[in-house]
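[1] coords please:
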Amino acid sequence: MLPQSPEISAILIVDDEPRVLRLLNGILSKNHKCVAVDSAEKALAELEAGKFNLVISDINLGGLSGVEMIPRVHELSPDIVVMMVSGDLSLDAPIEAMRKGAFDYLKKPFDVGHVLAAANRALRHHELLVARRRHDEELEKLVEERTARLNFLTYHDALTALPNLTLVEDRLGQMILRDPGENRNAVMLISMGRLRAIRETVSNDAANSIVQDIARRIRKVVDLDVTLGRIEGDIFAVLLPDSTIDQCVRTSGELIKSLSRAFTWAGNELHLTCKVGVSLHPNDGDDVTTLLRNASAALAHARERTGSVVEFYSEGMSAFAADRLELENDLRLAIEAGELGVHYQPKIDLGSGRITGMEALARWDHPTRGFVPPEVFVRLAEDLEIVGRIDRLVLRKACEQTRVWQRAGFEIELAVNLSGLHLQEKTCASRILAILEEFDFDPTCLNLELTETAIMRDLALTIDQLKTFRKSGIKISIDDFGTGYSSLNAFKRLPLDVLKIDRSFVKELAEKPLDAAFVKTIIELAHLLNVRIVAEGVESDDQVSILKELGCDEWQGYLFSRPVSADDFHELLRTDADRPDDR
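    Residues are numbered from 1 along each chain as shown. From the prediction side, this is the model:
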């Protein structure tokens, strides 16, 4: 929007004829502030001393002419509009004036209406010039600010304003050039687990707030002159110059202590794990690339351990890190291509001895590595926070296969594992229900199995999610019961259908009376709450007999069958259907 015209515009009138000066001044001074001078030299002096909107000048002046004055006027103020006055019948002089930068010209003798109209047009043009100049200045300022911002972001993280990877590498290069003497230059990479899950399950704002809090906590631990950077989404870098090994160990411990405290968002406490990988210069490398690579290798090794830990680089870790990275990429590709397989382990009714259902388990037959144990690739998927995709892949394949068996006349229930990270995703319930709808799968024939640890991670959220599942008819199981840290109070609040007693309590039922007493207590408590009991890891007839005596409902284990392919499980179903009940 153009700025409003001032109520009184300033007009400078220049003419060497007093009569013309008086006439123009009389016409224009009623609505404008006018200053009248009789030479170009005096006009330029006035322009240097004050501000004017419009200059009206005769072309022919003694001394410096009006036309010659035009460039000098615009040098003093580019926004001033110049209008010429000419008494010549020829248009040559006015045209020359226009070429020099005049906006318009007035012919003598004057018409009052024409003078006022011409002056108003010139003043409106002045407003346009001022507005354009301001716009250009604002645009230039904006470009400068954006350029400065882009230059900043070239070397800094947008969220935390910390140095990014490019700047960290530069400062590491400078640190390497400084000889630490008997000490070491340390590169610390700090990874915070669960950030991606928080971003997906809580909100972007929550994750961003935590990232900023992480940066503040690290800065409180390390000195201000120590480089602290954010080089990836959940990875921070600390460069410790001229440090002893003890100082590195102490700093790592202080970082873990600080970052292991709960983070708060919207009144809720969120816990993250902290992993630290450390490489030392010159021991572990004498260039930027090697030191960062070896610190990453140490970090990858730390991620294989539970809890918050520190790992210092050692020989062999680089190969380990490279192997892990390759396995990560292969796992992502396998999930995207749907190449993970599903095996099925039967569940047996202790009363009839019949197969009542099966647990679907993910299996990965790698094209070059062969069989990759589930504990390896599931743990890897949890670290990468893509385990929910495995859950859904298994559910989709198992639902499709189970419907085949159900249409063939086998009345069986399907159980699938649901990871804690998956459970905390906002879309978890809707995605699972969509899969059931896709395969026309009866929700009452599905049992979702969760570990105690997954359930207790966020009990309030878990209960809400589980109620959604139960409302649709899906059954809920606690897997590996007895190995987590759920309380009886939490147990009462959970909407459960099945408890699966961990194999560690089943293994020595016959040899350890305390284990048998524990299992009996759990069975009795569960039955009081109308919850069924499944025993895992059954490997002997003695264990089956004891479980039957204790009132257990179902069991699964190698005694009957290992997890097998769909074809082999179909044969188990056919064999089971052809034999009489055990009762």
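[2] What segments of the stretch 451-583 of the chain are strands?
    475-481, 498-501, 532-535, 554-555 (DSSP state E, counting those that start in this stretch).
[3] which intervals of the stretch 351-500 of the chain have sub-threshold pLDDT?
    456-461, 482-492 (pLDDT under 70).
[4] go with 50
    For the stretch 351-500 of the chain, the stretches with pLDDT under 50 are 485.
[5] Where in this structure is the helix or strand with the lowest mean pLDDT?
    When the helices and strands of the chain are compared on mean pLDDT, DSSP states H and E, helix 488-493 comes out lowest with a mean of 63.
[6] Could you export the strands of the stretch 451-583 of the chain as CSV, including distance to Asp576 and mean neighbour count?
    (Glycine included, C-beta is placed from N, CA and C.) Shown next, in CSV, are the strands of the stretch 451-583 of the chain (distance: least, CB to CB, whole Å; neighbours: other CB atoms under 10 Å):
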stretch, distance to Asp576, mean neighbour count
strand 475-481, 21, 23
strand 498-501, 20, 25
strand 532-535, 17, 24
strand 554-555, 14, 23
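[7] Same list (these) but as TSV, adding distance to Leu240.
    Below are these laid out as TSV (distance: least, CB to CB, whole Å):
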stretch	distance to Leu240
strand 475-481	41
strand 498-501	47
strand 532-535	52
strand 554-555	55
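[8] I'd guess Gly229 is in a helix, am I close?
    No - under DSSP: H, G, I helix; E, B strand; the rest coil, Gly229 sits outside any helix and is assigned strand.
[9] name the element Glu359 belongs to?
    Glu359 is located in strand 355-366, with elements delineated by DSSP states H and E.
[10] what comes up buried for that strand?
    Neighbour counts over strand 355-366 (16 or more other CB atoms under 10 Å) mark Ile355, Thr356, Gly357, Met358, Glu359, Ala360, Leu361, Ala362, Arg363, Trp364 as buried.
[11] Just want the angle from it to strand 475-481.
    Angle of strand 355-366 versus strand 475-481, following axes from the mean of the first three to the mean of the last three CA atoms, to 10 degrees, is 70 degrees.
[12] Okay, now the sheet partners of strand 355-366, with direction.
    Partners of strand 355-366 in the sheet, by DSSP bridges, are strand 341-349 (antiparallel), strand 370-372 (antiparallel), strand 413-417 (parallel).
[13] okay, that strand in CSV with CA atoms only?
    Extracted C-alpha coordinates of strand 355-366, given in CSV (Å, rounded to 0.1, in the frame of the first residue of the first chain):
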residue,chain,number,x,y,z
ILE,A,355,-4.2,-77.1,18.5
THR,A,356,-6.2,-74.0,19.4
GLY,A,357,-4.2,-71.5,17.5
MET,A,358,-0.7,-70.3,16.7
GLU,A,359,1.8,-67.5,17.3
ALA,A,360,3.0,-65.9,14.1
LEU,A,361,6.7,-65.1,14.2
ALA,A,362,8.9,-63.0,11.8
ARG,A,363,11.7,-64.9,10.1
TRP,A,364,14.5,-63.5,7.9
ASP,A,365,16.2,-65.7,5.4
HIS,A,366,18.9,-63.3,4.2
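[14] what's in contact with it?
    For strand 355-366, the surrounding residues in contact (CB atoms under 8 Å, 6 or more residues apart in numbering) are 330-331, 334, 339-349, 371-372, 374, 377-378, 390, 393-395, 397-398, 412-417, 447, 449, 554, 556, 563, 569, 572-573, 576.
[15] Not counting residues beside it along the chain, what's closest to Asp479?
    Among residues not flanking Asp479 along the chain, Glu449 sits closest, at 4.3 Å (CB to CB, 6 or more residues apart in numbering).
[16] So the one you found, which state does it fall into?
    strand.
[17] Need phi/psi at the closest residue to Gly193 other than its chain neighbours.
    In this structure, Gly193 finds its nearest non-sequential neighbour in Thr273, 4.2 Å apart by CB to CB, 6+ apart. Dihedral angles of Thr273 (phi, psi; degrees, to the nearest 10) stand at phi -100, psi 150.
[18] Tell me which residues touch Thr273, please.
    Thr273 is in contact with Met192, Gly193, Arg194, Ser260, Gly307, Ser308, counting by CB under 8 Å, 6+ apart.
[19] In this structure, where's the longest helix?
    Using DSSP state H, we find that the single longest helix of the chain is helix 112-155.
[20] That helix - contacts with which helices or strands?
    In terms of contacts (3 or more CB pairs under 8 Å, 6 or more residues apart in numbering; DSSP states H and E), helix 112-155 is packed against helix 18-28, strand 54-58, strand 81-86, strand 104-107, helix 165-177.
[21] re the thing from before, make a ChimeraX selection of whichever of the contacts of Thr273 turn out to be buried.
    With 16+ other CB under 10 Å as the criterion, this ChimeraX line picks the buried residues out of the contacts of Thr273:
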select :192,193,194,308
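[22] Between the strands paired with strand 355-366, which one is closest to Thr453.
    Closest of the strands paired with strand 355-366 to Thr453 is strand 413-417, at 12.7 Å (criterion: CB to CB).
[23] And the contacts of that closest one?
    Residues from elsewhere that reach strand 413-417 (CB under 8 Å, 6+ apart): 347, 356-361, 391, 394-395, 398-399, 402, 441, 445-450, 475, 477, 479.
[24] Backbone dihedrals for Gly267, both of them.
    The phi/psi pair for Gly267 (degrees, to the nearest 10) is phi 80, psi 0.
[25] any idea how far Ala206 is from it?
    12 Å (CB to CB, to the nearest Å).
[26] neighbour count winner among the two?
    Set Gly267 next to Ala206 and count neighbours by other CB atoms under 10 Å: Ala206 wins out with 19 against 5.
[27] what's the closest of the strands paired with strand 355-366 to Glu169?
    strand 370-372 (34.1 Å).
[28] The closest one: which residues count as buried?
    Buried residues in strand 370-372 (16+ other CB under 10 Å): Val372.
[29] Packing partners of whichever helix or strand comes after it?
    Per DSSP H and E, the first helix or strand lying C-terminal to strand 370-372 is helix 374-384. Packing contacts for helix 374-384, counted by 3+ CB pairs under 8 Å, 6+ apart, involve helix 317-336, strand 355-366, helix 387-407.
[30] Leu496: which of these is closest?
    strand 355-366 (16.6 Å).
[31] Kindly calculate the angle that that closest one makes with helix 317-336.
    130 degrees.
[32] angle of strand 355-366 against helix 374-384?
    70 degrees.
[33] Show me how far strand 355-366 is from its chain's centre.
    Distance, stretch centre to chain centre, for strand 355-366: 33 Å (CA atoms, centre = their mean, to the nearest Å).
[34] Is it possible to mark the buried ones in the contacts of strand 355-366?
    Applying 16+ other CB under 10 Å to the contacts of strand 355-366 flags 330-331, 334, 340-349, 372, 374, 377-378, 390, 393-395, 397-398, 412-417, 447, 449, 554, 556, 563, 569, 572-573, 576 as buried.
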